[in-house]
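> sequence? don't have it. structure:
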């Protein structure tokens, strides 16, 4: 039997490879992004011209809210769904009703996400009945179902039915692509602002680097609009 | 033993690549590094990125992890001179190659996009099969100790 080869160098190499790989993945996941306060982070970002954005998107929150967060999102993007499922419910239920935060959702279907366009159109059609954000929740929560369907529009139609929408009106909107100009306008604004991935957030016109979580959003609202002003009633969801 | 060491290294690389793709599917990794083509995301978001309701990348993680475990176990003193781990590696990677061939066919013929990370994993599993077969063959040639 041949003498046992020294294995120490092999295991060391394997270990180094594993650690390097794990570091690479963690870096991609943003684990090593610099930890700065929200104020510092926002102050370091240039202010973008949001004049065009004001006429686009789906809005939730009081018009007079001192903080506006604009989210460019794609319904087929896994990170967008993760944000919508883990962070958005608390933002919607706890922060927006204070009147200090207004949220603007901008359609940004990424090229190559072939199931996204019918989802954005359907959400826009739900928006025409004042139910955009409910439809958005349904679409993101079931992303794994419709995005892998051969006919995503049919699956998504079921969500509209489940929300109790006027289906005759919804179907007409989808068939005539009535809500499509709104989707296109949102996308054009995203391109103008240099958005190239989703989700991308702008806080009062300053691009936030990376993905936001509810604690960061709370900190942003507290820093830009401290509690003390009279709470304002949140306005219903609306297009533009 | 060199065969099993090589399989272990290749399996570790495959495990890391599959883990990266799986974390993308879970939304932990924002976007995939794919040469700016977007092909990886198109493939990962296609209807074929799931098999039996489970992300294909998760099968990759499980498969490469199993290959790594068998290869490392085969390097232990107990199994060093035993042909069974090499044969098991060959059988497992054979199944993996068939699965990878099916997925590559879907990419080329149905989705019309090739995800570089998926192609990398397909090359790795093919290389593992070749190395594992050579390892199993070396046992059949050399006399038992």
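Received it, and whenever you're ready, just let me know what you need. All of these numbers come straight from a predicted model, not from anything done at the bench.

> which parts of the helix ranked longest in chain A are buried?
Secondary structure of chain A read by DSSP state H shows that its longest helix is helix A:8-28. For helix A:8-28, burial by neighbour count (16 or more other CB atoms under 10 Å in any protein chain shown) applies to A:10, A:14, A:21, A:25, A:28. To be clear about C-beta, it is placed using only N, CA and C from the backbone, and glycine gets the same treatment.

> can it be said to contact chain B?
Yes - using CB under 8 Å from any CB of the partner chain, helix A:8-28 reaches chain B at A:10, A:13, A:14, A:17, A:18, A:21, A:22, A:24, A:25, A:28.

> from the residues you listed, which two are the most distant?
Across these, no pair lies farther apart than A:10 and A:28, at 27.3 Å, counting by CB to CB.

> need the pLDDT of the residue of chain A at minimum distance from chain B.
Residue of chain A nearest chain B, by CB to the nearest CB: residue A:82 (3.2 Å). We note a pLDDT of 88 for residue A:82 in this prediction.

> nearest residue to it other than its sequence neighbours?
residue B:27 (3.2 Å; CB to CB, 6 or more residues apart in numbering or on different chains).

> and that neighbour, how many neighbours does it have?
Residue B:27 has 19 neighbours, counted by other CB atoms under 10 Å in any protein chain shown.

> and it, what does it touch?
A:78, A:79, A:80, A:81, A:82, A:83 (CB atoms under 8 Å, 6 or more residues apart in numbering or on different chains).

> with distance to residue B:137, neighbour count and secondary structure added, can I get those in JSON lines?
Output for the contacts of residue B:27, formatted as JSON lines (distance: CB to CB, whole Å; neighbours: other CB atoms under 10 Å in any protein chain shown; DSSP: H, G, I helix; E, B strand; the rest coil):
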{"residue": "A:78", "distance to residue B:137": "43", "neighbour count": "24", "secondary structure": "helix"}
{"residue": "A:79", "distance to residue B:137": "46", "neighbour count": "21", "secondary structure": "helix"}
{"residue": "A:80", "distance to residue B:137": "50", "neighbour count": "26", "secondary structure": "helix"}
{"residue": "A:81", "distance to residue B:137": "48", "neighbour count": "24", "secondary structure": "helix"}
{"residue": "A:82", "distance to residue B:137": "47", "neighbour count": "19", "secondary structure": "helix"}
{"residue": "A:83", "distance to residue B:137": "52", "neighbour count": "23", "secondary structure": "helix"}
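
> farthest-apart pair in these, please.
The span of the contacts of residue B:27, defined through CB to CB, is set by A:78 and A:83 at 9.9 Å.

> what kind of secondary structure is the residue in chain B that chain A sits nearest to in?
Evaluated by CB to the nearest CB, chain B has residue B:27 as its residue closest to chain A, separated by 3.2 Å. The three-state label given to residue B:27 by DSSP: H, G, I helix; E, B strand; the rest coil is coil.

> quick one: the buried residues of helix A:8-28 as CSV, columns for pLDDT too.
Listed next are the buried residues of helix A:8-28 as CSV, based on pLDDT from 0 to 100:
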residue, pLDDT
A:10, 90
A:14, 93
A:21, 93
A:25, 89
A:28, 80
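
> lowest-confidence helix or strand of chain B?
helix B:39-44 (a mean of 78; mean pLDDT, DSSP states H and E).

> just name the shakiest helix or strand of chain A by mean pLDDT.
strand A:238-239 (a mean of 67).

> check which helix or strand the spatially most central residue of chain B maps to.
What sits nearest the mean C-alpha location of chain B, by CA atoms, centre = their mean, is residue B:125, with 4.1 Å. Using DSSP states H and E, residue B:125 falls within helix B:116-141.

> which of the residues in that helix are buried?
So helix B:116-141, judged by 16+ other CB under 10 Å, has buried residues B:116-119, B:121-122, B:124-133, B:135-136, B:139.

> what residues does chain A have near chain B?
Selection of chain A residues close to chain B by CB under 8 Å from any CB yields A:1, A:4-5, A:7, A:10, A:13-14, A:17-18, A:21-22, A:24-25, A:28-30, A:76, A:78-83, A:110-115, A:144, A:147-150, A:197, A:210-211.

> show me the strands in chain B, by range?
Using DSSP state E, the strands of chain B run over B:50-51, B:54-55.

> so can I have CSV of those strands showing mean pLDDT?
As requested, the strands of chain B are exported to CSV (pLDDT from 0 to 100):
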stretch, mean pLDDT
strand B:50-51, 81
strand B:54-55, 86
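
> mind putting those into TSV with distance to chain A and mean neighbour count?
Shown next, in TSV, are the strands of chain B (distance: least, CB to the nearest CB, whole Å; neighbours: other CB atoms under 10 Å in any protein chain shown):
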stretch	distance to chain A	mean neighbour count
strand B:50-51	5	15
strand B:54-55	9	15
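
> export those to JSON lines and tack on distance to residue B:92?
Listed next are the strands of chain B as JSON lines, based on distance: least, CB to CB, whole Å:
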{"stretch": "strand B:50-51", "distance to residue B:92": "17"}
{"stretch": "strand B:54-55", "distance to residue B:92": "18"}
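
> quick one: which of those strands is nearest residue B:9?
Nearest to residue B:9, of all those, is strand B:54-55, at 24.8 Å by CB to CB.

> low-confidence stretches in chain A?
Counting by pLDDT under 70, chain A contains low-confidence ranges at A:1-5, A:33-35, A:228-240.

> tell me where it has helices.
A:8-28, A:38-43, A:78-86, A:88-90, A:116-127, A:132-141, A:143-146, A:152-162, A:167-175, A:180-192, A:214-224.

> does anything pack onto the last one? Which helices or strands?
Okay, so that is helix A:214-224. Judged by 3 or more CB pairs under 8 Å, 6 or more residues apart in numbering or on different chains; DSSP states H and E, helix A:214-224 is in contact with helix A:38-43, strand A:67-73.

> ranking those by burial, who's on top?
Among the helices and strands packed on helix A:214-224, strand A:67-73 has the highest mean neighbour count (mean count of other CB atoms under 10 Å in any protein chain shown), at a mean of 24.
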